[in-house]
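Chemist: just a sequence and a predicted model for now, questions to come.
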Protein chains: 2
Amino acid sequence: MSTFLSTKADDIARVLEDEIVGGAIAPGTVLRQEQLSERFEVSRTPVREALRRLAALGLVSFEPNRGVRVRSVSATELREAHLVRAELEALATEVATPRMTAADLAALDAAEQRFSELTLELRAQARRGEAGESSLFVEWMQANYAFHDVIYAAAEMPLIERLAKSARRTFIGDRVWSARAELDELYAKNDLQHRAIREAVAAGSAAGARLLAREHVLSSGRLIEVVIESLGSGGSRDPGWGT
Amino acid sequence: MSTFLSTKADDIARVLEDEIVGGAIAPGTVLRQEQLSERFEVSRTPVREALRRLAALGLVSFEPNRGVRVRSVSATELREAHLVRAELEALATEVATPRMTAADLAALDAAEQRFSELTLELRAQARRGEAGESSLFVEWMQANYAFHDVIYAAAEMPLIERLAKSARRTFIGDRVWSARAELDELYAKNDLQHRAIREAVAAGSAAGARLLAREHVLSSGRLIEVVIESLGSGGSRDPGWGT
DNA sequence: CGTTCTCCTTTGGGATCCAAGTTCGATGTT
DNA sequence: AACATCGAACTTGGATCCCAAAGGAGAACG
């Protein structure tokens, strides 16, 4: 009955990690050690350990004697991340297909339904040409991830799961993007691809599911690029580099 | 004229990283903070930061209040790592092919020649049934990696390079393995595959090179499994888990 | 208008110190 | 002999205080 142990450094790292990948902390932000130690009510020691971990994960970059900066992802990095994710998800999907249980399939359906609903909302907004609230977009992305998570879980490949998830970054933050009507068909396509994957998995076609997953990730990469582009010059500069 | 800056934590992390992936520090070893701080002549503070980084890279596992342990890779983890590497290298090779310059190709040839020589040595040893010195095996693996590194460099995909390299672990350490004659053909095959990849790249066949790279990594994964197996019960226990 | 030269902030790191968790051997019990 | 218990000796996680050195923002100066 050991109370689930964890060090403060780990706790802090987890919180910051969520905030960074979730976009709550904007790329380019400089993280001050003292400020963090106040916020988490700890000394600088565990804070610095947590920051080291984030640096190793590639989320922040250490600039010796200058501080730690939240890395921003450039367009090319984003493209590369999607290429990588496409391959990894393709593999995970292939492996997962023959392993899917009825329960897994049900979970997949639930995730897909949620995703489908959010997609409809998003499309409605896009068609009306409203300035989108990014919160909806973020929710949509998370529902998307939830769908893929079911597959990862079924694949039972911890390494691949870790790597693929580390290639997921919210690059949107809390910026508002002006939804353009042309996005509508891209959203619709995304949803259809999920269904196709679902059916291929249900049919037990590992090879088919694999190809579909690959295409899906690539195409969702293109979607992201269009969205980013539609953000205008919202991208923060800095060819962030570091540890 | 900034003298190339780096923190002690980073230096320590790099050294330990090399020693762990290179097998100089055996899996399962517990790293004592005080001992490390003596060795590197620093206080415990930067040592702990370095360890956090290694933990984030998955090289060691933190066990709160117990210390850090060098993770050992299980057979299934090894298999997974090779599956992942196969996909990533396939992608990298595909991307690299149209980008290869004459200089890159020359570098590839040089790496291949070195690899080829070591392969011959290794095969001779294996055929004679001698107990192999693991140093030769390690050298051979490194030459192998050098070959692939040329391709990574040409692909210019930093993320993929980082991920793929993190999936490389020397699992052999400095244990001695009894080379078995049956390994001979596997070694030979490995070398032939390198040549095939080289030729496909030279011919500018991205798709061909991709397929060859994938097959090659998978087959070299099988080779590793056989070698490991031939090590007998040399594997250290511990379903290493952690941060 | 460009160049130094301050002063201030922040970081990297050392030295102590302490509470809490772990290890392990000694002891006692059945 | 097998087992449970207890208490020291180690280690770790972390706090605190300290200090040198590296940037950064202005001010002073040419």
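Modeler: Right, received. Where do you want to start?
Chemist: rest of the way, CA atoms for contacts and neighbours
Modeler: OK.
Chemist: now the element after the host helix or strand of A:Asn190, going C-ward?
Modeler: Using DSSP states H and E, A:Asn190 maps to helix A:183-202. Where DSSP H and E defines the elements, the next helix or strand beyond helix A:183-202 is helix A:206-230.
Chemist: in the helix holding A:Asn190, what counts as buried?
Modeler: Neighbour counts over helix A:183-202 (16 or more other Cα atoms under 10 Å in any protein chain shown) mark A:183-184, A:186-187, A:189-191, A:193-198, A:200-202 as buried.
Chemist: any idea how far the residue most central in space within chain A is from DNA strand C?
Modeler: Ranked by distance to the mean C-alpha position of chain A (Cα atoms, centre = their mean), the top residue is A:Arg168 at 3.3 Å. Distance check for A:Arg168 against DNA strand C: by Cα to the nearest atom of the strand, to the nearest Å, it reads 26 Å.
Chemist: and the pLDDT at that residue?
Modeler: The score at A:Arg168 is 83. That number is its pLDDT.
Chemist: all helices for chain A, in order.
Modeler: With DSSP state H, the ranges of helices along chain A come out as A:8-21, A:33-39, A:44-56, A:75-96, A:102-128, A:134-155, A:158-166, A:183-202, A:206-230.
Chemist: what does the helix holding A:Asn190 rub up against?
Modeler: A:97-98, A:100, A:105, A:108-109, A:112, A:115-116, A:119, A:122-123, A:126-127, A:206, A:208-209, A:212-213, A:216, A:219-220, A:223, A:226-227 (Cα atoms under 8 Å, 6 or more residues apart in numbering or on different chains).
Chemist: of those, which ones also sit close to DNA strand C?
Modeler: Checked against DNA strand C using Cα under 7 Å from any atom of the strand, the contacts of helix A:183-202 give no members in range.
Chemist: of the residues you listed, keep whichever come out buried.
Modeler: Applying 16+ other Cα under 10 Å to these flags A:97-98, A:100, A:105, A:108-109, A:112, A:115-116, A:119, A:122-123, A:126-127, A:206, A:208-209, A:212-213, A:216, A:219-220, A:223, A:227 as buried.
Chemist: excluding sequence neighbours, find me the nearest residue to A:Ala92.
Modeler: A:Ala155 (5.7 Å; Cα to Cα, 6 or more residues apart in numbering or on different chains).
Chemist: so the one you found makes contact with A:Glu89?
Modeler: No: A:Ala155 is beyond contact range of A:Glu89, at 10.0 Å (criterion: Cα atoms under 8 Å).
Chemist: quick one on the thing from earlier: turn the helices of chain A into JSON lines, including distance to B:Gly28.
Modeler: Below are these laid out as JSON lines (distance: least, Cα to Cα, whole Å):
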{"stretch": "helix A:8-21", "distance to B:Gly28": "22"}
{"stretch": "helix A:33-39", "distance to B:Gly28": "33"}
{"stretch": "helix A:44-56", "distance to B:Gly28": "21"}
{"stretch": "helix A:75-96", "distance to B:Gly28": "29"}
{"stretch": "helix A:102-128", "distance to B:Gly28": "35"}
{"stretch": "helix A:134-155", "distance to B:Gly28": "27"}
{"stretch": "helix A:158-166", "distance to B:Gly28": "19"}
{"stretch": "helix A:183-202", "distance to B:Gly28": "39"}
{"stretch": "helix A:206-230", "distance to B:Gly28": "36"}
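Chemist: so which of those gets nearest B:Leu83?
Modeler: B:Leu83 lies closest, by Cα to Cα, to one member of the helices of chain A: helix A:75-96, at 8.2 Å.
Chemist: so which bits of that closest one are buried?
Modeler: Applying 16+ other Cα under 10 Å to helix A:75-96 flags A:78-96 as buried.
Chemist: would you mind listing what in chain A touches chain B?
Modeler: Neighbours of chain B within chain A, by Cα under 8 Å from any Cα of the partner chain: A:5-7, A:45, A:48-50, A:52-57, A:64, A:77, A:80-81, A:84, A:87-88, A:91, A:157, A:159-160, A:163.
Chemist: could you redo the last one with a cut-off of 7 Å?
Modeler: A:5-7, A:49, A:52-53, A:56-57, A:64, A:80, A:84, A:87, A:157, A:160 (Cα under 7 Å from any Cα of the partner chain).
Chemist: of those - the most surrounded one?
Modeler: A:Arg52 (30 neighbours; other Cα atoms under 10 Å in any protein chain shown).
Chemist: B:Arg53 is in contact with that one, correct?
Modeler: Yes: at 5.7 Å, A:Arg52 and B:Arg53 qualify as touching, with contact defined as Cα atoms under 7 Å.
Chemist: any idea of the pLDDT on A:Phe137?
Modeler: What the model reports as pLDDT for A:Phe137 is 81.
Chemist: oh, I was asking about A:Leu122
Modeler: 85.
Chemist: returning to what we had before: shared neighbours of A:Arg52 and B:Arg53, anything?
Modeler: Here A:Arg52 and B:Arg53 share no contacting residue, scored by Cα atoms under 7 Å, 6 or more residues apart in numbering or on different chains.
Chemist: B:Leu36: which of the helices of chain A is closest?
Modeler: Taking these one by one with Cα to Cα, helix A:44-56 is closest: 16.5 Å.
Chemist: need the residues of chain A near DNA strand D, please.
Modeler: Checking chain A against DNA strand D by Cα under 7 Å from any atom of the strand, the hits are A:6-9, A:41-46, A:64-66.
Chemist: near DNA strand C, list only the ones from those residues.
Modeler: A:64-66.
Chemist: tell me the one among the residues you listed nearest to chain B.
Modeler: A:Pro64 (6.4 Å; Cα to the nearest Cα).
Chemist: quick one: closest of the helices of chain A to B:Leu16.
Modeler: helix A:44-56 (14.2 Å).
Chemist: got the phi/psi numbers for A:Ser43?
Modeler: phi -80, psi 180 (degrees, to the nearest 10).
Chemist: so what's A:Leu212 closest to, chain neighbours aside?
Modeler: Nearest to A:Leu212 is A:Ile197, by Cα to Cα, 6+ apart, at 5.9 Å.
Chemist: ditto for A:Ser72
Modeler: A:Pro27 (4.6 Å).
Chemist: correct me, but that neighbour touches A:Ser74?
Modeler: No: with contact defined as Cα under 7 Å, A:Pro27 does not reach A:Ser74; the gap is 10.6 Å.
Chemist: neighbour-wise, which of those two wins?
Modeler: Neighbours of A:Pro27 and A:Ser74, each counted by other Cα under 10 Å, are more numerous for A:Pro27; the result is 25 against 16.
Chemist: where's A:Leu118 relative to B:Gly22, distance?
Modeler: Distance check for A:Leu118 against B:Gly22: by Cα to Cα, to the nearest Å, it reads 48 Å.
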